[in-house]
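Student: kindly generate the corresponding structure for this input.
(one chain, ligands or ions: 2)
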Amino acid sequence: DLEALELEGREYIFQLDKATGQRKNKVGIYEWDYYSNITKENEEKWIQVRIEQSQQEKRAWEETKMYRWQDFQDFTLRRMFKKYSQLGVSALPDEKYKQLMQLVAGMESNYATAKICDYKDRTKCNLSLEPEITELFAKSQDPEELKHLWVEWHKEAGAKARHNFTEYVRLYNEAAKLNDYKNVADWWLSEYEVENFEQQLAKIWEDVKPLYQQLHAYVRKRLRDKYGDHVVSARGPIPAHLLGNMWAQTWSNVESFTRPYPDKKEIDITQAMKDQNYTTLKMFQMSDEFFRSLNLTAMPPKFWKNSIIEKPTDREIVCHASAWDFYDGEDFRIKQCTTIDYEYFQTTHHEMGHIQYYLQYRHQPFVFRDGANPGFHEAVGDTIALSVSSPKHLRRVGLTTGDAEDEQTEINQLYKMGLDKIVFLPFAYTLDLFRYGVFRGSTTPEDYNCQYWKLRESLQGVEPPVNRTEEDFDAAAKYHVSANVEYARYYVSFIIQFQFHRALCQLAGEYVPEDLNKKLVDCDIYQSVAAGNTFANMLKMGSSKPWPDAMEVLTGQRSMKADGLLEYFRPLYEWLQAENQRTGEYIGWEPSKMQYC
Ligand SMILES: C=C(C[SeH])C(=O)N1CCC[C@H]1C(=O)O
Ligand SMILES: [Zn+2]
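Tutor: Ligands and ions are numbered 1, 2, ... in the order given. Now for the predicted structure:
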């Protein structure tokens, strides 16, 4: 009878789940060894162990299919079977599976080990992305030097990955079809478990685009003031190499010379940390202390023992920051090449947010040890960082001595936050709109670069510093394209983190709508156990329920909406509209004069 079958099914799936946890632990150890010491030998060992695991997964998958789990009464049991009934890339035949992993490992190691020559000293050709190129790009205000760094990096990290990428698309799409998806784009979108998710992404962009265009117009004017109108045009896209970041994804490095009220005291976290002899370890300890102040979980001993928080000098590693769950309830690690600056101050909180999520859901079945959707996992640390980077909190921890908020200081603060959070949205949206087109075949290898720049110009209003051809492949010069990491998760995160932040601030009594003494921009939830406990209730769920249920626990809302972000930035939006009106700045951009199609 059904009762007995369901009982048998429960026995089976929990045994499979336990075995899966052990498998993930083993693969994680080999993957860590490769990412933290890039050698051919470590790559081969990692690929070999993943092939073994995929064979075991395939056998388990055959067995799982035999259960009539769709008829089971228990929701959780059905959800576990549903997740285990999707095999993933292991559905590929061994040879193709191995080939796909070699292609991705090849792109990833090319990116991690790419070197370029310095602009001033052409004999110095050992510059890595981290820390050298990143620091030069953040500091230089010489358009020619920035152009050199941009062109050389896109050649080494982008163009060189074009062949592997083309093959990877073909094989990855084969895996998608074996999982009953038309292509990888539909597979990636299915992770968000709602029918019209792609339309939701488009709706979000419509909601935030007016704010972005105002900010874009203001920044273009300030860059034109600085570099002259032969470098920055009055009505065209902004040249992508002048924005302080290799991919123009956040513009906080131009904040110091473009801020609305330059004579107001500037909060310079980088300088403050250097003045106070901050170490990389102290940055992590401060972040851990913030989470503990909310009654969340402390980093366990193995975290401090096994993490890599500085770039080693004796070997090549994947420097791109990452957080790791080894699925044994004790071993959680971060690997990042920390430098003492504002950006890594943010990144440290971002990665610690991943670890906190792992800690909160570590009692779930292994198959539910995941974000409610991929965007949730990216939003945890950033949500905390919204409180940490508030002037109120920075004063509390002595990273600024700034006077209390006045109107102009508040605009400066919102502007600084907007250069990270508003600017990032069209970049993130573009990266996966591009890849959806590639996986669907509407973008072919012959026009990869043309399509990439068409999207970047039309949504982000940026243009390449030099003409581009199909010899180039600029998309792969971004880590996530070379490393096969889906990117819509960050677009989602930068929206929902403001829904989370607003809810936490209300729970902490830090934000009361219409109360000028309790403004969202001043909110710091530090030490609020009430906020922390509710946050934990959402995080503990992992992916055991559809994400609207998780979001509702914290925010009372069941959908992703831009209203949190728009409420947070409203004073800035009004100021930008008035300012662009005053200067007569053209809003939006005319077609670029650069050749790239
Ligand atoms: C810090 C990480 C590792 Se999950 C990251 O890739 N982020 C964090 C924000 C956006 C995105 C990026 O750097 O492109
Ligand atoms: Zn992340």
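Student: and for the residue of the stretch 451-597 of the chain found nearest ligand 1, the neighbour number?
Tutor: Of all residues in the stretch 451-597 of the chain, residue 490 sits closest to ligand 1, at 4.5 Å by C-beta to the nearest ligand atom. From N, CA and C alone the C-beta is placed, and that goes for glycine too. Counted by other C-beta atoms under 10 Å, the residues lying close to residue 490 total 24.
Student: and it, what does it touch?
Tutor: Each residue near residue 490 by C-beta atoms under 8 Å, 6 or more residues apart in numbering is listed here: 375, 378, 424, 428.
Student: ok, and what's touching stretch 229-241?
Tutor: 143, 146-147, 149-150, 216, 219-220, 223-224, 242, 247-248, 456-457, 460-465, 586, 589-593.
Student: narrow those to those in strands?
Tutor: Residues of those located in strands (DSSP state E): 462, 463.
Student: and residue 170, what element?
Tutor: helix 162-178 (DSSP states H and E).
Student: quick check: mean pLDDT across the helix or strand following that helix?
Tutor: Per DSSP H and E, the first helix or strand lying C-terminal to helix 162-178 is helix 184-190. The average of the pLDDT scores along helix 184-190 is 98.
Student: by contact count, what packs against helix 184-190?
Tutor: Using 3 or more C-beta pairs under 8 Å, 6 or more residues apart in numbering; DSSP states H and E as the contact test, the elements touching helix 184-190 are helix 162-178, helix 407-440.
Student: pick the most buried one from those helices.
Tutor: By mean neighbour count, with neighbours taken as mean count of other C-beta atoms under 10 Å, helix 407-440 ranks first of these at a mean of 22.
Student: return the distance of it from the chain's centre.
Tutor: Averaging C-alpha positions (C-alpha atoms, centre = their mean, to the nearest Å) puts helix 407-440 11 Å from its chain's average.
Student: and the pLDDT at the closest residue to ligand 1 within the stretch 301-450 of the chain?
Tutor: Nearest to ligand 1 in the stretch 301-450 of the chain, going by C-beta to the nearest ligand atom, is residue 321, at a distance of 4.3 Å. According to the prediction, residue 321 has pLDDT 98.
Student: which residues of this structure score low on pLDDT?
Tutor: Along the chain, segments meeting pLDDT under 70 span 402-404.
Student: can you rerun that using 90?
Tutor: Along the chain, the model assigns pLDDT under 90 to residues 1-2, 265-267, 401-406.
Student: and it, which residues reach ligand 1?
Tutor: Within the chain, the residues that sit near ligand 1 (C-beta under 6 Å from any ligand atom) are 249, 321, 322, 347, 350, 490.
Student: of these, closest to residue 136?
Tutor: residue 249 (17.0 Å; C-beta to C-beta).
Student: and the closest one, how many residues sit next to it?
Tutor: Residues lying near residue 249 (other C-beta under 10 Å) number 20.
Student: can you check residue 473 too?
Tutor: Neighbours around residue 473, by other C-beta under 10 Å: 26.
Student: surely it touches residue 163?
Tutor: No: Residue 473 sits out of contact with residue 163 when judged by C-beta atoms under 8 Å, with a separation of 9.0 Å.
Student: between those two, which contacts overlap?
Tutor: The overlap between the contact sets of residue 473 and residue 163 (C-beta under 8 Å, 6+ apart) is empty.
Student: sorry, back to before: buried ones among the contacts of stretch 229-241?
Tutor: 143, 146-147, 149-150, 216, 219-220, 223-224, 242, 247-248, 456-457, 460-465, 589, 592 (16 or more other C-beta atoms under 10 Å).
Student: quick one, strands of this structure?
Tutor: Using DSSP E, the strands of the chain run over 238-239, 322-325, 332-335, 462-463.
Student: which among these is found nearest to residue 183?
Tutor: strand 322-325 (26.6 Å).
Student: so how far is that closest one from its chain's centroid?
Tutor: Its chain's C-alpha centre and that of strand 322-325 lie 13 Å apart, by C-alpha atoms, centre = their mean.
Student: do the same with stretch 245-253
Tutor: Remark: stretch 245-253 is offset 14 Å from the chain centroid, using C-alpha atoms, centre = their mean.
Student: so which residues make contact with it?
Tutor: 129, 133-134, 137-139, 149-150, 153, 219, 238, 240, 243-244, 342-343, 416, 419-420, 423-424, 427-428, 460, 462, 477-478.
Student: hmm, try it at 6 Å
Tutor: Applying C-beta atoms under 6 Å, 6 or more residues apart in numbering, the external contacts of stretch 245-253 come out as 137, 138, 240, 243, 244, 419, 420, 423, 424, 427, 462, 478.
Student: same thing with stretch 143-154?
Tutor: Counting by C-beta under 6 Å, 6+ apart, 116, 119, 133, 136, 137, 140, 231, 241, 465, 466, 474, 477 sit against stretch 143-154.
Student: nearest to residue 8, of those?
Tutor: Looking across these and measuring by C-beta to C-beta, the closest to residue 8 is residue 477, at 52.0 Å.
Student: okay, the closest residue to that closest one other than its chain neighbours and ligand 1: tell me how far apart.
Tutor: For residue 477, the nearest residue in space outside its immediate sequence neighbours is residue 158; the separation is 3.5 Å by C-beta to C-beta, 6 or more residues apart in numbering. From residue 158 across to ligand 1, the span is 15 Å (C-beta to the nearest ligand atom, to the nearest Å).
Student: hmm, residue 158 is touching residue 478, no?
Tutor: No: if you go by C-beta atoms under 6 Å, residue 158 and residue 478 don't touch, sitting 8.3 Å apart.
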